[in-house]
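Peer 1: my questions are about this predicted structure, shown below with the sequence.
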Amino acid sequence: MADLRATYRLQLTAEFGFAAARELVPYLRDLGVSHLYLSPSLQARPRSPHGYDVIDPGRISDTLGGEGEFRALAAAAAGAGLGMILDVVPNHMAADDANPYWADETLRERFFDLDPETGRWRRFFDIDDLAGVRQEDPRVFEATHELVLGFVRDGILDGLRIDHPDGLADPAGYLGRLRDRGAEYVWVEKILDSGERLREWPVTGTVGYEFLNDVAGLFVDPAAEVPLTTLWEQVSGNRRGFGAVALEAKLEQLATTFMPEVDRLMRSAGAGGSALGVGGRDALIGALASLPVYRTYVESLARVVDSADREAIAAAHMQPELAAMLLLEQDAPPEFVTRFQQTTPAVMAKGVEDTAFYRYGRLLALNDVGGDPSRFGIDVATFHAANAERARRFPRGLLTTMTHDAKRSGDVRARIAALTSMPQAWVAHVTRWLEIGDRLRGADGAPDPVEQYFLFQTLVGSWPIEIDRIEAYMQKALREAKRNTNWVEQNLEWEEGVATFCRTICADAEFLGDFEPFAARVAMAGERAALGQLVLKLTAPGVPDFYQGDELEFRALVDPDNRRPVDWDRRREMLAGLQGGAAPDAASRKLWLIWRLLELRGSRPEAFDGTYEPIAAGEHACAYLRGEDVLVVVGTREEMSSTDVLAAPQGRWRDVLGGRERSFAGSEPLTFVLSEHGVAVFERVGR
């Protein structure tokens, strides 16, 4: 297996399949990544845009080029010293007659989680044509994993990324079978609450959402919390915190989208649901909505209850009888306990990330997958503690700042977070823009102030941006919020009013005269934060993961905006120029940082496999040693004072990004350590 240095996610499509990916191998090798990280590549529906609707797990996708091209890609990667990781989807397959396991009624009953009373199947979230698979059945596991595990056994695949393990009946058992069958490197798409720890599963780590939110939060200035909260309350006319908004959204989803799941849970509880005690159905709905994490992992048949499960159930404040059932302290049908645990992730995903995140807009940089918008940033000590735990428990977990599921790219997120460095200016500008908006919006009031505030943050984060992209984003945001329109009952007049407003305000001279100079100021602060986050991702404990195209400035919004075609020729040319001696400029600075620091990881593997030691650098910078020979310093605030100093380690050091050598006196002002972009990385060259 190739040494894990960095992964690079490729989104494969009919237009960009295995052959096209093979052409990128030399570029990715030169960039310094160690592994291609492929989106789902098994046979999905014809021309599937994502590959998550598998119809035959025993066959490589013909749309992407078939098994021959897949093997050719693997061979090309191996020839360049790169490995491959594959995104695998065990939880669901397409409910489609082209799926042999679905078309055969006998196989359907064995392979899919069907309700014998109604004939309905467990869905993936709210998607009716994606049916839940019974991976708890060893025969189903073997049939659906034979091909993939064969690739692992033969060394064609080095590792697997497991999509949505929380949907499975027994995630721990499933992951144990993968390890038993030879899958040594497995990353799980597990979304953790800000205070939740990954269970002791046989995995390499998560796909990195907790790092994404931690590193973004590090650049959020806590001093801005009061003025931005006040502004949000004025815009929204509501003083509720995010927790109340999220609970309301989850309850709405349970009363509508997930009523079939509630009905099945009631039946599986036994005695018509009377076993649930006082409150019955309402108590069940309240419990599903109030669980503070995605799910618990009680093993009802083995009667295993972890202390973390008890804490989560206690925090939900559910009816005592129901809590006792879920904790196996009272008789409960195993099916009920298991199905409850499979249902809460869908409720959380659709209620929180796909509804509440589009209703609560205090600071959109906090509204990303796995994020907690009520947590207004984190301090350096908290970031260090999280890194220390990653180093101890999952030193090869993925570190990401952008994925195909992210609500916005890291660059956009960094710009929006940068608003916390200028809260008074932001409040003043938004106040003026809302006044302009009152003049421009339609007679029906579209968009309302909340929607305008979402638009303003998005424009600041992504400017300049094509108007059709903004219109598409706002339509999705409106429907996800489910306030004035939604996916099921579309209010097309309101949506068109918002689209018209977007076009009008983005061409309005008064608005642009005020907006563009401010957006340019935010962009400068955002670039500094984005570069800082990039340096931390490249040097913190774990394996840095890059999303396709994100090595240059990448101002992408939520899917499908983030899946637009990538200009590979431009990236090849820029990397060749840098490696030929060209100086980095604003356009190539991210690319240059990635190349130089991946080169450092390659030349100093013992440092990045070594210890993580926080170094004192005050409240406005994050500094640490990797091993004994790599020192990282990143400013988390744009302004530095004479009191901001680094407790620099002794020795002779080379500035990896600047080139010169220097010794430290033991206490160095950060202004003398950091580059003009607020970052510095040193490697030891002598004691």
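Peer 2: Ah, there it is.
Peer 1: residue 222: neighbour count?
Peer 2: Neighbour count for residue 222, taken as other C-beta atoms under 10 Å: 13. (Glycine included, C-beta is placed from N, CA and C.)
Peer 1: and residue 338, helix, strand or coil?
Peer 2: What DSSP: H, G, I helix; E, B strand; the rest coil gives for residue 338 is helix.
Peer 1: could you report the neighbour count for the nearest residue to it once chain neighbours are set aside?
Peer 2: Nearest non-adjacent residue to residue 338, counting by C-beta to C-beta, 6 or more residues apart in numbering: residue 169, 5.1 Å away. Residue 169: 22 surrounding residues under other C-beta under 10 Å.
Peer 1: can you check residue 15 too?
Peer 2: Neighbours of residue 15 (other C-beta under 10 Å): 10.
Peer 1: was I right about it contacting residue 565?
Peer 2: Yes. If you go by C-beta atoms under 8 Å, residue 15 and residue 565 touch, sitting 7.4 Å apart.
Peer 1: doesn't residue 84 lie inside a helix?
Peer 2: No. Residue 84 is assigned strand when assessed by three-state DSSP, not a helix.
Peer 1: which one is it nearest to, not counting chain neighbours?
Peer 2: Closest residue to residue 84 apart from its sequence neighbours, by C-beta to C-beta, 6+ apart: residue 36 at 5.0 Å.
Peer 1: how about residues contacting the helix or strand hosting that neighbour?
Peer 2: Residue 36 is part of strand 35-38 when elements are defined by DSSP states H and E. For strand 35-38, contacts defined as C-beta atoms under 8 Å, 6 or more residues apart in numbering pick out 2, 4-10, 12, 21, 25, 28, 73, 77, 82-87, 158-159, 161, 545.
Peer 1: list only buried entries from those residues.
Peer 2: Burial by neighbour count, judged by 16 or more other C-beta atoms under 10 Å, picks out 4-10, 12, 21, 25, 28, 73, 77, 82-87, 158-159, 161, 545 from these.
Peer 1: which one's the longest helix in this protein?
Peer 2: For the chain, the helix that runs over the most residues, judged by DSSP state H, is helix 509-539.
Peer 1: what's the model's confidence in the following helix or strand past that helix, averaged?
Peer 2: Downstream of helix 509-539, the next assigned helix or strand under DSSP H and E is strand 543-547. Averaging pLDDT along strand 543-547 yields 98.
Peer 1: show the secondary-structure elements that the helix or strand following strand 543-547 is packed against.
Peer 2: The first helix or strand that comes after strand 543-547 along the chain, using DSSP H and E, is helix 568-579. If contacts are counted by 3 or more C-beta pairs under 8 Å, 6 or more residues apart in numbering; DSSP states H and E, helix 568-579 sits against helix 25-31, helix 589-603.
Peer 1: okay, the ones you listed in JSON lines with distance to residue 54 and mean pLDDT next?
Peer 2: Listed next are the helices and strands packed on helix 568-579 as JSON lines, based on distance: least, C-beta to C-beta, whole Å; pLDDT from 0 to 100:
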{"stretch": "helix 25-31", "distance to residue 54": "26", "mean pLDDT": "98"}
{"stretch": "helix 589-603", "distance to residue 54": "32", "mean pLDDT": "98"}
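Peer 1: dump these into TSV; add distance to residue 410 as well.
Peer 2: Converted to TSV, the helices and strands packed on helix 568-579 look like this (distance: least, C-beta to C-beta, whole Å):
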stretch	distance to residue 410
helix 25-31	17
helix 589-603	10
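Peer 1: please name whichever of those is nearest to residue 249.
Peer 2: Smallest distance to residue 249 across the helices and strands packed on helix 568-579 (C-beta to C-beta): 35.2 Å, for helix 589-603.
Peer 1: the residue nearest to residue 401 when sequence neighbours are not counted: what's it in contact with?
Peer 2: The shortest distance from residue 401 to any non-neighbouring residue, by C-beta to C-beta, 6+ apart, is to residue 410 (3.6 Å). Residues in contact with residue 410, defined by C-beta under 8 Å, 6+ apart, are 212, 216, 401-402, 530, 533-534, 550, 554.
Peer 1: nearest to residue 618, of those residues?
Peer 2: Nearest to residue 618 among the contacts of residue 410, counting by C-beta to C-beta, is residue 533 at 18.7 Å.
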